[in-house]
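Asks: Test case, fold it:
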Amino acid sequence: MLTIIAGTNRKNSTTLKIAKFYQQRLAAKNVSSTIMDLAQLPTDFVFSALYENSGKHEVFNQFRKQITDSQQLVFIVPEYNGSYPGVLKSFIDGLQYPDGLKGKEVALVGLSAGVLGGAWALSHLTDILHFLNVDVISVKVRLASIKSHFVDGEITNPLYNELLEMQIEKLMLNNTTIYNIS
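Replies: Modelled structure (predicted):
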């Protein structure tokens with residue numbers, strides 16, 4: 001299973017819209033996926049599902065199970081205050097440690113209103129994922145000035161579309177058994 005994670009808890013976010021766009025790109029290649037919207041996390045999970053409460057929150061455990069059941073993950077990550085959203089870090093902290101993400105293949109897509117396209121966010125997140133023994137694929141897509149390049153549910157920048165296509169192809173090639181590619 002491939003899960004796309006919309007890495008913010010902001011309601012009706014551009015991040016979620018990009019996640020849906022990414023899912024459409026996958027579907028066009030007959031790759032099924034699900035979207036995990038962090039805006040749907042239980043509002044109290046930071047206090048009721050982490051540390052000594054790990055594994056005890058029924059609703060949060062459904063999120064954990066989806067991650068466990070996924071072979072591949074795509075993180076759609078907005079840049080907040082020079083890094084990635086705190087809710088995403090808290091979510092990662094709530095996964096089973098140390099093996100909650102171990103061995104997963106992960107693709108990263110950063111986005112920002114500014115010109116760096118989430119470069120700092122992706123850098124910080126990559127460090128955390130490497131610490132957790134995650135295979136982060138080399139094609140990291142940075143969507144800078146996203147509000148100018150995402151119109152009516154479509155990415156209008158040809159380079160952005162090309163990079164997303166490269167990333168999706170890499171995901172598919174790395175798991176030919178999942179996607180029945182011959």
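
Asks: residue ranges of the helices in this protein, please?
Replies: With helices called from DSSP state H, the chain shows them at 14-27, 45-48, 58-69, 86-94, 119-131, 146-149, 158-174, 176-179.

Asks: in the longest one, what counts as buried?
Replies: The one in question is helix 158-174. 160, 161, 163, 164, 167, 168, 171, 172 (16 or more other C-beta atoms under 10 Å). Quick note: C-beta positions are derived from backbone N, CA and C, even for glycine.

Asks: got the contact list for the third one?
Replies: Residue 163 makes contact with 139, 141 under the criterion C-beta atoms under 8 Å, 6 or more residues apart in numbering.

Asks: Any figure for the gap between it and residue 173?
Replies: 16 Å (C-beta to C-beta, to the nearest Å).

Asks: quick one: which of the helices of the chain is nearest residue 39?
Replies: helix 14-27 (7.0 Å; C-beta to C-beta).

Asks: buried residues in that closest one?
Replies: 14, 15, 16, 17, 18, 19, 20, 21, 22, 23, 25, 26.

Asks: same for it, what does it pack against?
Replies: When contacts are defined as 3 or more C-beta pairs under 8 Å, 6 or more residues apart in numbering; DSSP states H and E, helix 14-27 packs onto strand 2-6, strand 34-37, strand 72-78, strand 105-111, helix 146-149, strand 150-151, strand 154-155, helix 158-174.
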